[in-house]
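> the sequence and its predicted three-dimensional model are supplied below.
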Amino acid sequence: LPAEFFQKLCASLWELLAGLPSQLQPHVSCPEDNNFLQNMFGERNLCSLVKVSEELGEKLANGEIKELRKLLAKPHMKILLSVHDTVAQKSYDPELPPLPEDIEGDEDSVKIIRLVKNKEPLGATIRRDEHTKAIIVARIMKGGAADRSGLIHVGDELKEVNGIPVDDKKPEEIIHILAQSQGAITFKVLPGVKEEVLLNEPKVFVKALFDYDPKEDKAIPCKEAGLAFNKASILQIMSQDDATWWQAKLEGDANPRAGLIPSKHFQERRFALRQPVETIPFQRASSRRSSGFRRSFRLSRRDRKTNKSMYECKKSEMYDMADVPTYEEVTTYCRQSGAKHRLVVLIGPTGVGLHELKKKLLISDPQHFSVTIPHTSRTKRNQESDGVEYHFISKHLFETDIHNNRFIEYGEYKGNYYGTSLDSIHSVLSKNKVCLLDVQPHTIKHLRTPEFKPFIVFVKPPTIERLRETRKNAKMISGKGDKESAKTFTEEDFQEMVNTALIMETQYGHLFDKVIVNDDLSAAFSELQLTLKKVETEAHWVPVSWIHS
Ligand SMILES: Nc1ncnc2c1ncn2[C@@H]1O[C@H](COP(=O)(O)OP(=O)(O)OP(=O)(O)O)[C@@H](O)[C@H]1O
């Protein structure tokens with residue numbers, strides 16, 4: 001309507017209405033009614049409305065008004081106005097169907113979700129949980145309808161679709177129901193919050209290869225926020241966002257709060273700076289006698305005359321910078337029945353009892369346990385048979401095999417070669433037997449392959465007092481000339497055993513899967529037996545490279 005006309009109209013109508021109460025007064029006896037009338041008719045808005053209404057009535061014939069009425073009566077306009085009112089009243093939350101009364105279990109955790117589906121697929125996959133048989137949301141496609149809704153999550157348990165229970169349905173049947181539904185679909189789900197949280201948790205686990213105490217660490221930004229751990233602890237890495245300080249939890253720790261640990265890179269750098277002081281080459285650090293490592297065959301003991309190990313070992317083998325012990329990414333591995341056995345490697349100082357323990361295992365189950373047959377270039381003696389005591393090969397062939405890296409360990413003794421070949425290990429494993437091998441600790445790194453998946457047992461001597469008590473009647477065997485001879489342990493032998501064990505543990509402890517103290521022999525044997533049983537049947541942490549390579 002033209003503004004001028006409208007204003008005039010309003011003004012005149014208002015005047016008329018304003019005068020009305022005084023005209024009505026004689027007819028109103030009650031003062032309250034009078035007041036009410038006065039207020040109502042005095043209200044300017046009401047006056048204007050009355051004015052407009054009257055004017056519209058009068059001007060009905062006017063073409064402009066007709067057109068306005070027509071416009072306002074159109075469905076689009078009606079919807080627009082209705083949407084405006086809805087939004088203005090903020091009543092846009094969808095109306096949910098009433099909660100069913102027969103919900104089983106924890107009623108609070110049931111969620112009713114309504115999604116409007118157009119032609120595009122929902123963008124979610126489902127699976128049946130093997131254990132609970134429940135239908136679980138397996139995957140949400142990024143950017144899909146389900147993802148955009150933000151209402152359905154991986155791990156949610158689907159109970160009903162459009163009121164149809166899905167417990168007894170196959171995933172394909174449910175997919176069919178979904179495909180056929182158009183418009184709004186109602187889901188009843190049990191939110192799998194816990195599962196979702198777990199799924200979103202980083203799944204990087206590492207084995208710590210060093211001891212760490214944040215209280216001793218001058219570099220840590222906040223000692224209280226640090227996480228203390230020991231060599232061989234399994235840590236779940238929660239964040240690697242910071243290049244220097246990672247966040248981690250001890251595996252299996254129920255406390256959800258992560259702690260700070262030095263990052264791999266940072267620890268390597270620190271270690272490299274400290275290295276000259278901390279890494280004592282094994283042999284130099286060893287006491288009086290250059291090397292007292294035992295071998296996987298009896299003739300390989302140290303020569304008591306020359307006091308030398310039969311096995312020479314390159315200096316570079318003793319300490320390798322690539323082995324800076326920080327963290328190693330690990331995952332669980334459980335040997336499936338029928339699969340090849342893991343190689344069992346026994347480590348320990350001379351005389352600690354490796355031979356004794358191995359012998360007991362072999363006797364306990366000769367069909368199950370076995371040892372490797374060593375190679376030698378020495379000539380066969382009359383009572384010996386090839387492939388029983390040794391594989392007898394020529395010196396030339398032995399040297400070719402050395403050149404071709406076919407030996408795990410080898411050495412020269414009185415002009416003859418002795419060694420343990422890789423093939424001898426393969427041979428035992430391919431018979432589906434557990435191969436028991438004892439080697440020098442620096443050899444472990446060559447055995448750590450996906451094929452062998454070695455399980456390293458460190459046999460540790462008890463205290464020197466306990467050694468004196470338990471080894472009173474024990475005999476130490478040494479290679480003297482071509483014959484073995486036995487002698488009782490001396491105080492020096494005990495001391496060396498304890499010292500060597502300490503050095504082995506310091507330098508190679510991060511590689512040990514199990515430490516067994518050989519105090520009482522039968523107790524140590526039982527522990528070893530039980531440990532090896534578990535290796536065959538239970539899940540153990542192994543480097544990820546052994547599984548995903
Ligand atoms: N727990 C124990 N208690 C008492 N005697 C033991 C114990 N363990 C081993 N012995 C004895 O100690 C001696 C040395 O053991 P064994 O020969 O097994 O040592 P080893 O580790 O194989 O060392 P090496 O390679 O030098 O022979 C043997 O006489 C053995 O019977």
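Thanks, I have the structure now. Numbers count the residues shown, from 1 in each chain.
> rest of the way, CA atoms for contacts and neighbours
Will do.
> report the beta-bridge partners for residue 137.
Beta-bridge partners for residue 137, by DSSP bridges, are residue 126.
> got a pLDDT number for it?
Residue 137 carries a pLDDT value of 87.
> so it makes contact with residue 124?
Yes: the pair residue 137 / residue 124 is scored as a contact, 7.0 Å apart, by Cα atoms under 8 Å.
> the more surrounded of those two?
Between residue 137 and residue 124, counting by other Cα atoms under 10 Å, residue 137 is the more crowded of the two (22 against 19).
> in the stretch 101-250 of the chain, which residue sits nearest the ligand?
The minimum distance from the stretch 101-250 of the chain to the ligand, using Cα to the nearest ligand atom, falls at residue 232 (24.1 Å).
> quick one, phi/psi of that residue?
phi 80, psi 0 (degrees, to the nearest 10).
> quick one, what contacts it?
Going by Cα atoms under 8 Å, 6 or more residues apart in numbering, residue 232 touches 207-210, 510-513.
> most widely separated two among the residues you listed?
Comparing every pair within the contacts of residue 232 by Cα to Cα identifies 210 and 513 as the most remote, at 14.0 Å.
> excluding chain neighbours, what is closest to the residue of the stretch 101-250 of the chain closest to the ligand?
residue 208 (5.1 Å; Cα to Cα, 6 or more residues apart in numbering).
> separation between the one you found and residue 80?
Distance, residue 208 to residue 80, using Cα to Cα, to the nearest Å: 65 Å.
> count the neighbours of residue 416 for me.
Applying other Cα under 10 Å, we find 14 residues neighbouring residue 416.
> I figured it hits residue 380, correct?
No: contact between residue 416 and residue 380 fails when scored by Cα under 8 Å: they sit 11.7 Å apart.
> how about stretch 540-549: buried residues?
Using 16 or more other Cα atoms under 10 Å as the test for burial, stretch 540-549 gives 540-544, 546.
> related to what we said a few turns ago, and residue 208 and residue 80? which has more neighbours close in?
The residue with more neighbours, out of residue 208 and residue 80, is residue 208; 21 against 11, by other Cα under 10 Å.
> who's the more buried one bridged to?
Bridge pairing for residue 208 - DSSP bridges - gives residue 327.
> look up the pLDDT of it for me, please.
95.
> residues contacting it?
Listed by Cα under 8 Å, 6+ apart, the contact partners of residue 208 are 229-235, 326-328, 510.
> reformat the residues you listed as a markdown table; add pLDDT.
Shown next, in a markdown table, are those (pLDDT from 0 to 100):
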| residue | pLDDT |
| --- | --- |
| 229 | 96 |
| 230 | 93 |
| 231 | 90 |
| 232 | 89 |
| 233 | 93 |
| 234 | 95 |
| 235 | 96 |
| 326 | 93 |
| 327 | 95 |
| 328 | 94 |
| 510 | 91 |
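> what's the ChimeraX line that selects buried ones from the residues you listed?
In ChimeraX syntax, the buried subset of the contacts of residue 208 is picked out as below (16+ other Cα under 10 Å):
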select :229,231,232,233,234,235,326,327,328,510
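> which of the contacts of residue 208 lies closest to residue 62?
residue 235 (84.2 Å).
> and the closest residue to the closest one other than its chain neighbours, how far is that from residue 238?
Leaving aside its chain neighbours, residue 235 sits nearest to residue 250 (4.6 Å; criterion: Cα to Cα, 6+ apart). To residue 238, residue 250 is 10 Å away according to Cα to Cα.
> surely residue 245 and residue 267 touch.
No: using Cα under 8 Å, residue 245 makes no contact with residue 267, being 9.7 Å away.
> out of the buried residues of stretch 540-549, who's near the ligand?
When Cα under 6 Å from any ligand atom is taken as the criterion, no member of the buried residues of stretch 540-549 contacts the ligand.
> need the per-residue pLDDT for the nearest residue to residue 376 once chain neighbours are set aside.
Closest residue to residue 376 apart from its sequence neighbours, by Cα to Cα, 6+ apart: residue 418 at 4.4 Å. Note on residue 418: pLDDT of 93.
> secondary structure class for residue 418?
At residue 418, secondary structure determined by DSSP: H, G, I helix; E, B strand; the rest coil is strand.
> what sits against it?
By Cα under 8 Å, 6+ apart, the residues touching residue 418 are 300, 374-377, 410-412.
> 6 Å instead?
Residue 418 makes contact with 375-376, 410-411, according to Cα atoms under 6 Å, 6 or more residues apart in numbering.
> residue closest to the middle of this protein?
Nearest residue to the geometric centre of the chain (Cα atoms, centre = their mean): residue 203, 2.9 Å.
> how close does residue 49 sit to residue 11?
According to Cα to Cα, residue 49 and residue 11 sit 11 Å apart.
> ditto for residue 511
Going from residue 511 to residue 11 by Cα to Cα gives 98 Å.
> of these two, who's got more company?
Set residue 511 next to residue 11 and count neighbours by other Cα under 10 Å: residue 511 wins out with 22 against 14.
> any idea how far the ligand is from residue 523?
Residue 523 sits 8 Å away from the ligand, taking Cα to the nearest ligand atom, to the nearest Å as the criterion.
> right, I mislabeled it, should have said residue 417
Noted for residue 417: a distance of 18 Å to the ligand, by Cα to the nearest ligand atom.
> and residue 34, by the same measure?
Distance from residue 34 to the ligand, counting by Cα to the nearest ligand atom: 114 Å.
> packing partners of whichever strand or helix holds that residue?
Per DSSP states H and E: residue 34 is located in helix 31-42. Judged by 3 or more Cα pairs under 6 Å, 6 or more residues apart in numbering; DSSP states H and E, helix 31-42 is in contact with helix 3-24.
> what about the helix it packs on, average pLDDT?
Helix 3-24 carries an average pLDDT of 70.
> and residue 164, what are its bridge partners?
Assessed by DSSP bridges, residue 164 has beta-bridge partners residue 161.
> what is the burial count for it?
A count of nearby residues for residue 164, using other Cα under 10 Å, gives 14.
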